[in-house]
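Trainee: this one's structure only:
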């Protein structure tokens, strides 16, 4: 069984992951409305990943003999001043999630909950990749804010579909 303090915080994190899922759908829809199909596709994929992260956490709790508590999430932001703002929001969100993941890892370690600590290691690796991806995207979007086609070309060239990660935790229901 996982440490109670870790379980409580992981249940909160499930809400954060579902909130990120909804925010990425709102961002994708914003870009879709601008006919920026590559950006939309990138953020729809990001939304799927965030949902999967939440479901990995659900599965972990089930495996650890805990009933997940799925919290309510706030409505996402869906209005943006320009094409830069959604990516800046996404980067801020990824940085916030990274801090949350580090906090979960700290709790697991303080509680001597080694299984939960091990579970969190995959998320730490994932957050390094996500911050890098959003940081690069923000640089490109900022540099090319008036040239949507240039942004779209960069995304089409750079944002390749990610391969399945055999080290990823199991996704509940998958």
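Mentor: Yep, that arrived. Owing to the predicted nature of the structure, the values given are computational and were not obtained by experimental measurement. Numbering: from 1, shown residues only.
Trainee: please point out which parts of stretch 127-144 sit buried.
Mentor: 127, 130, 133-134, 137-138, 140-141, 144 (16 or more other C-beta atoms under 10 Å). Just so you know, the C-beta spots here come from the backbone N, C-alpha and C atoms, and that holds for glycine as well.
Trainee: and the spatially most central residue of the chain, what does it touch?
Mentor: What sits nearest the mean C-alpha location of the chain, by C-alpha atoms, centre = their mean, is residue 50, with 4.1 Å. Contact analysis of residue 50 by C-beta atoms under 8 Å, 6 or more residues apart in numbering lists 17-18, 20-21, 24.
Trainee: ok, those vs residue 113, which is closest?
Mentor: Closest approach to residue 113 among the contacts of residue 50 (C-beta to C-beta): residue 17, at 19.6 Å.
Trainee: avg pLDDT for the one helix or strand that closest one maps to?
Mentor: Assessed by DSSP states H and E, residue 17 sits inside helix 4-33. Averaging pLDDT along helix 4-33 gives 98.
Trainee: list the buried residues for it?
Mentor: Quick answer for helix 4-33 (16+ other C-beta under 10 Å): 6-7, 9-11, 13-31.
Trainee: swap in stretch 40-49?
Mentor: Buried residues in stretch 40-49 (16+ other C-beta under 10 Å): 40-44, 46-47, 49.
Trainee: with stretch 58-74 instead?
Mentor: 58-61, 64, 66, 68, 73.
Trainee: what two of the residues you listed are the furthest from one another?
Mentor: 64 and 73 (22.9 Å).
Trainee: please name the nearest non-neighbouring residue to residue 171.
Mentor: The spatial neighbour of residue 171 that comes closest, neighbours along the chain excluded (C-beta to C-beta, 6 or more residues apart in numbering), is residue 55 at 4.6 Å.
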